[in-house]
Structures are given as C-alpha cells and as structure tokens.
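In: please work out how this folds:
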Amino acid sequence: MDADDKTKLDETLSEIEARAQARRRRTAILTFAPVLLTAGIVLVLAREVAHKRADLQQIEAKAKDLEQKVGEKQREREQLESENRRLDERKRSLQRFIEGLHERSSTERIAPPQANPEAEAPASVVVSQQGDVPEAFAPVPEVEIEPRTGDKGREVFDVTLSVGPESQLGAVERVTYDLNQDWYEENHFESAEGPRFTAKFSVYECMGTVLVTVKLKSGSSTSVALDWCKNEKWPKPARSVSAPAPEPEPPKGPGQKPGSPGGNRPPRPRPDSPTMPK
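Out: Take a look at the predicted model:
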C-alpha cells in the first residue's frame with residue numbers, strides 16, 4: 001500500500017467517523033426531546049392541577065359557609081314560626097280575656113246595685129309563656145288600691161302591684177308591670193327585689209289591663225294579663241273629676257321612698273286620655 005492509498009483510507013475512515021457522530025447526535029436529540037417535552041407537559045399539568053385544587057378548596061369553603069348560613073336562616077325561621085305561634089296564642093287569649101271583660105262590663109251595667117258588695121279579687125289570665133316554665137308554677141298578680149285626695153282636691157289612687165304566692169317566687173329573677181300605654185305616659189315598672197317583687201305608683205283612674213311578665217332565673221318567662229280595674233276601691237265608671245291635676249307631692253312619712261321608676265305621683269295624662277281634666 002502506497003502513501004496515496006493510505007491517505008484515501010484515512011479520509012474514508014474520518015468521513016465514516018463524522019457520519020457516526022452525526023448519527024449519534026441525531027439519536028440523542030430524538031431520544032431526549034420526547035423526555036423533555038413530556039416533563040414540560042407534566043409540569044404544566046401539575047400546575048393546572050394545583051390551581052384546580054385551590055379553586056376546589058375555595059368552592060368547598062364557600063359551600064360550607066353557605067350551608068352554615070342556610071342552617072342559621074333555618075333556625076331563625078323556626079324561631080320566627082315559634083314566636084308567631086306564641087303571638088297567635090297570646091292574641092287568642094287576649095281576645096278571650098277582652099270578651100270576658102266586655103261580658104262582665106255588660107253584666108255590671110245591667111245588674112242592680114247592691115248595698116254592701118263583697119270585695120272581688122282581680123281577675124288574671126296567662127297570655128303567653130316562653131321557655132321551659134314549670135307546670136306547677138302559677139304566678140298570681142295582686143293589686144292594692146289606696147285612694148287619697150291630692151293637694152288641689154283631685155282624687156289620687158296609690159297603687160301597689162305584687163305577685164304571689166310567696167312560696168313559688170324563689171325561682172323568680174324579676175317582674176315587670178306594663179300599663180296601657182294609650183292612657184299612661186309612665187307605663188313600665190320593673191322590680192327585681194323579693195319577696196313579692198312589688199311596684200308602686202299613683203294614677204288618677206284605672207284604664208285597660210296590666211301585663212305582668214314574670215322572668216325566672218332559668219331564662220323562661222310567663223306573661224299574665226291582670227284586670228286591675230276589678231277592685232272595689234276604684235270609683236264608678238260614670239264618676240268624673242273636673243279639678244285640675246295636682247302638683248307632684250313629696251313622699252309622706254319618715255323613710256318612705258317613691259315607687260320605681262316614676263315616683264309616688266300620678267303620671268302626666270296623654271292629650272286624648274279620659275283622665276285629662278275637662
């Protein structure tokens with residue numbers, strides 16, 4: 001083999017080696033390109049899955065909030081329905097009570113006067129209850145009337161409201177007395193002191209009924225409508241007074257305090273009140 005043949009052989013081997021290297025590069029590219037593409041797709045999909053998972057968590061949180069709100073609204077609805085039922089029962093009881101008052105008033109107008117009528121206890125009826133009120137618990141509102149003459153000649157009535165019997169009042173937290181607000185400007189009295197939870201005030205005339213609400217220490221309560229006009233010491237309905245309203249009077253007797261909260265004086269009548277002087 002001469003020098004020319006050896007040169008040609010080297011050139012041929014070099015060409016073959018270059019072709020082999022080019023083929024290896026193409027093979028490497030064709031091998032790693034799908035792997036890189038697949039890795040890129042996997043990363044993109046993983047990011048999308050993370051976003052979707054975050055969105056799903058937010059949706060689940062919102063669903064829980066909505067479910068909680070729906071539950072709260074449902075409880076509010078049940079409470080309102082229960083309150084409506086109690087109000088309907090109270091309305092029916094008040095209607096029956098008012099019908100009884102009308103019947104009693106008609107009977108009193110028709111019946112002839114008696115020489116010595118016996119003292120008649122004030123009538124009361126339970127109009128509503130809230131919470132778990134014991135069945136044996138039966139509050140009995142009581143009223144005491146003491147008429148007197150004011151400093152300007154007008155008759156004034158000192159009223160004492162209380163609740164009995166005393167043996168049942170150990171579980172009582174407080175008692176409120178609400179007069180008819182159409183006739184009395186001072187119409188709300190509250191007592192949290194036993195044993196009888198007494199409220200004292202003064203008026204010119206008895207109008208309407210008194211709503212007595214007894215709240216127990218357990219949180220329950222019962223409301224009783226008291227016909228406080230059913231008392232022998234009130235004047236007859238036909239009786240009218242033309243004297244001017246008296247000025248507020250100071251308490252009488254040592255250590256005597258005015259009744260809560262308006263003091264021991266008649267509340268100022270409303271303009272349309274029949275107790276307003278004519």
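In: which residues pair with residue 143 across the strands?
Out: According to DSSP bridges, the residues that bridge with residue 143 are residue 161.
In: need the contact list for residue 191.
Out: Applying CB atoms under 8 Å, 6 or more residues apart in numbering to residue 191 gives the contacts 174, 175, 176, 177, 197, 198, 199, 260. C-beta: built from backbone N, CA, C; applies to glycine.
In: tally of neighbours for the fourth one?
Out: Meaning residue 177. As a burial measure, residue 177 scores 25 neighbours (other CB atoms under 10 Å).
In: give me the three-state assignment for it.
Out: The three-state label given to residue 177 by DSSP: H, G, I helix; E, B strand; the rest coil is strand.
In: just checking, it touches residue 198?
Out: No. Shown here, residue 177 and residue 198 do not form a contact pair, counting by CB atoms under 8 Å, at 9.7 Å.
In: need the overlap of contacts for the two.
Out: Contacts common to residue 177 and residue 198, judged by CB under 8 Å, 6+ apart, are 161, 191.
In: helices along this structure, start to end?
Out: Per DSSP state H, the chain carries helices over the ranges 3-110.
In: low pLDDT regions in it?
Out: Along the chain, segments meeting pLDDT under 70 span 1, 90, 93-97, 99-123, 236-278.
In: let's see it at 80
Out: For the chain, residues meeting the criterion pLDDT under 80 lie at 1-6, 8-10, 32, 83, 85-124, 151-152, 235-278.
In: for residue 138, give its distance to residue 56.
Out: Separation of residue 138 from residue 56 (CB to CB, to the nearest Å) stands at 59 Å.
In: and for residue 82?
Out: Distance, residue 82 to residue 56, using CB to CB: 39 Å.
In: one more: residue 153?
Out: Noted for residue 153: a distance of 85 Å to residue 56, by CB to CB.
In: could you do residue 191 as well?
Out: In this view, residue 191 and residue 56 are 60 Å apart by CB to CB.
In: kindly report the same for residue 66.
Out: Distance, residue 66 to residue 56, by CB to CB: 15 Å.
In: which of the contacts of residue 191 lies closest to residue 219?
Out: residue 174 (12.0 Å; CB to CB).
In: so what's the closest one closest to, chain neighbours aside?
Out: residue 192 (4.0 Å; CB to CB, 6 or more residues apart in numbering).
In: what is the neighbour count of the one you found?
Out: For residue 192, the count of nearby residues is 12 (other CB under 10 Å).
In: check whether it really touches residue 172, as I assumed.
Out: No. If you go by CB under 8 Å, residue 192 and residue 172 don't touch, sitting 9.1 Å apart.
In: before we move on, the earlier item: please produce TSV containing the contacts of residue 191, extended by distance to residue 48.
Out: Output for the contacts of residue 191, formatted as TSV (distance: CB to CB, whole Å):
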residue	distance to residue 48
174	65
175	68
176	65
177	71
197	71
198	76
199	73
260	72
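In: by neighbours, which of those residues wins?
Out: In terms of neighbours by other CB under 10 Å, those top out with residue 175 at 27 neighbours.
In: ok, and for stretch 222-237, which residues are buried?
Out: For stretch 222-237, burial by neighbour count (16 or more other CB atoms under 10 Å) applies to 222, 223, 224, 225, 226, 227, 228, 229, 230, 231, 234.
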